[in-house]
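Undergrad: sequence-free structure coming up:
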């Protein structure tokens, strides 16, 4: 020890310009090498990777050289505006590797930040993006009124203009020219969701109901989303499905099966034609119940499907003509070819008619009041944007307590 102490004292007093002898004591060698490296790096600003130093002392010294420095997740030291300081500790990552590439810290960090931001933005838009479709024959003023009604703006959502050619492509051979019409005016707003089935609200559609659209969309292969189908003025709504499907595919990033989309168009037309004689609610109920029975029981045989149609029509006190019966059977034969998640389908179909009565409406109002509504865009519409005589219809009670809980309770017990 007496011999070692003088040597250590001499090493401390010796400047970095005096070379160390090869015979230095091992324990002093490691400590001295680290301190020398830190001193050299601080004075000259050289890269630790360039002269091979990897000691923790050099890394700490480099960090201390930047008074406003912040440490990124990869261990680099940077200033508050995202640039990195030119110090020895700069190239030392948390993994201990010393600067594999000879690039400035500022450029490297800027590139990494940009790449990460881009990935996060792109990922965030994939599943939750909202999409608006506008009929090509609307004026600029009418288009503006639709954004106002939807409660959004052109810079907040993606917009698709649906052309008459689009409608013809989807509906030709299924609907008549009269049903398709000469112009395209219907609009849609679609928001994919994680659960809850398909919820639909309509405005100024005087022929196609929200329940008809929701049932049809399950046939197209859609499962969870909020949908608004509307127009600045009254239209039948038979062309609304085209825009909804286009918006859903864009918003969800999912391409629906062409056969299922065709069956969905046929279902909408069939339901509408049957509604001419038995009413919209009855027609929707029959189609809904038959579809549920066919998919739930796995019916594919024409005779079995026909028997299901007869039984369900009788249960709903509906008399079908032979042509109407055959229309439904043919439609269900097509639908039975595809695999559906029956439970997901029921999430939507069970909400299309008032099977649960007024008590369920009261409970939904209570739940909405205390825990809020999960109806998304359906509860954000501005009906006044379409005038005082706008016609609205919805598969959900998006109004919450608007009608008053006490009134609902009174109506329930009085039967009003």
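TA: Arrived safely, thanks for sending. Every value quoted in this text rests on a predicted model; they were computed, and no experiment measured them.
Undergrad: which stretches of the stretch 201-350 of the chain have low pLDDT?
TA: Applying pLDDT under 70 to the stretch 201-350 of the chain picks out no residues at all.
Undergrad: could you show me where the helices are in it, in order?
TA: 210-219, 240-252, 258-278, 280-297, 302-315, 322-335, 342-349 (DSSP state H, counting those that start in this stretch).
Undergrad: Report the angle between the third one and helix 240-252.
TA: With axes from the mean of the first three to the mean of the last three C-alpha atoms, to 10 degrees as the criterion, the two stretches helix 258-278 and helix 240-252 enclose an angle of 140 degrees.
Undergrad: same check, this time on the last one
TA: Between helix 342-349 and helix 240-252, the angle formed by their directions is 130 degrees, by the same axes, to 10 degrees.
Undergrad: ok, residues contacting helix 342-349?
TA: Applying C-beta atoms under 8 Å, 6 or more residues apart in numbering, the external contacts of helix 342-349 come out as 195-198, 214-215, 217-218, 223-224, 288, 291-292, 295-296. Placement of C-beta: from N, CA and C, glycine included.
Undergrad: Would you show me how to pick out the buried ones of the residues you listed in ChimeraX?
TA: Buried members of the contacts of helix 342-349, defined by 16 or more other C-beta atoms under 10 Å, are picked up in ChimeraX with:
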select :196,197,198,214,215,217,218,223,224,288,291,292,295
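Undergrad: Just the closest of the contacts of helix 342-349 to residue 329, please.
TA: residue 291 (12.0 Å; C-beta to C-beta).
Undergrad: Without its sequence neighbours, what residue ends up closest to the closest one?
TA: Excluding its sequence neighbours, the residue lying closest to residue 291 (C-beta to C-beta, 6 or more residues apart in numbering) is residue 335, at 6.3 Å.
Undergrad: swap in residue 151?
TA: Nearest residue to residue 151 in three dimensions, chain neighbours excluded: residue 380, at 3.9 Å (C-beta to C-beta, 6+ apart).
Undergrad: Near that neighbour, how many other residues are there?
TA: Using other C-beta atoms under 10 Å, the number of residues around residue 380 comes to 16.
Undergrad: ok, it - contacts?
TA: Listed by C-beta under 8 Å, 6+ apart, the contact set of residue 380 reads 150, 151, 152.
Undergrad: got it, and residue 187?
TA: Contacts of residue 187 (C-beta under 8 Å, 6+ apart): 132, 133, 134, 135, 138, 146, 229, 230, 231, 243.
Undergrad: and it, how far is that from residue 176?
TA: Remark: distance between residue 187 and residue 176 (C-beta to C-beta, to the nearest Å) = 23 Å.
Undergrad: Contacts for stretch 266-281 next, please.
TA: Applying C-beta under 8 Å, 6+ apart, the contact partners of stretch 266-281 are 171, 174-175, 179, 207-209, 211-213, 215-216, 219, 238, 241, 282-284, 286-287, 291, 318-321, 324, 327-328, 331, 334-335, 353.
Undergrad: In PyMOL, how would I select the buried members of those?
TA: Written as a PyMOL command, the selection of buried residues from the contacts of stretch 266-281, which uses 16+ other C-beta under 10 Å, is:
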select buried, resi 171+174+175+179+208+209+211+212+213+215+216+219+238+241+282+283+284+286+287+291+318+320+324+327+328+331+335+353
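Undergrad: Which single one of the contacts of helix 342-349 is nearest to residue 262?
TA: For the contacts of helix 342-349, the nearest to residue 262 is residue 217 (13.7 Å; C-beta to C-beta).
Undergrad: Pretty sure residue 264 is one of the things the closest one touches, is it not?
TA: Yes - between residue 217 and residue 264 there is a contact at 6.8 Å, judged by C-beta atoms under 8 Å.
Undergrad: between the two, what contacts are shared?
TA: With C-beta under 8 Å, 6+ apart as the test, residue 217 and residue 264 both reach 241, 245.
Undergrad: give me the low-pLDDT residue ranges for the stretch 51-200 of the chain?
TA: For the stretch 51-200 of the chain, residues meeting the criterion pLDDT under 70 lie at 51-128.
Undergrad: OK, contacts around the closest residue in space to residue 217 that isn't next to it in sequence?
TA: The shortest distance from residue 217 to any non-neighbouring residue, by C-beta to C-beta, 6+ apart, is to residue 198 (5.1 Å). Residue 198 is in contact with 214, 217, 218, 222, 223, 224, 225, 227, 347, 348, 395, counting by C-beta under 8 Å, 6+ apart.
Undergrad: can I get those residues in JSON lines with distance to residue 255?
TA: Below are the contacts of residue 198 laid out as JSON lines (distance: C-beta to C-beta, whole Å):
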{"residue": "214", "distance to residue 255": "21"}
{"residue": "217", "distance to residue 255": "15"}
{"residue": "218", "distance to residue 255": "17"}
{"residue": "222", "distance to residue 255": "12"}
{"residue": "223", "distance to residue 255": "14"}
{"residue": "224", "distance to residue 255": "17"}
{"residue": "225", "distance to residue 255": "15"}
{"residue": "227", "distance to residue 255": "18"}
{"residue": "347", "distance to residue 255": "22"}
{"residue": "348", "distance to residue 255": "20"}
{"residue": "395", "distance to residue 255": "25"}
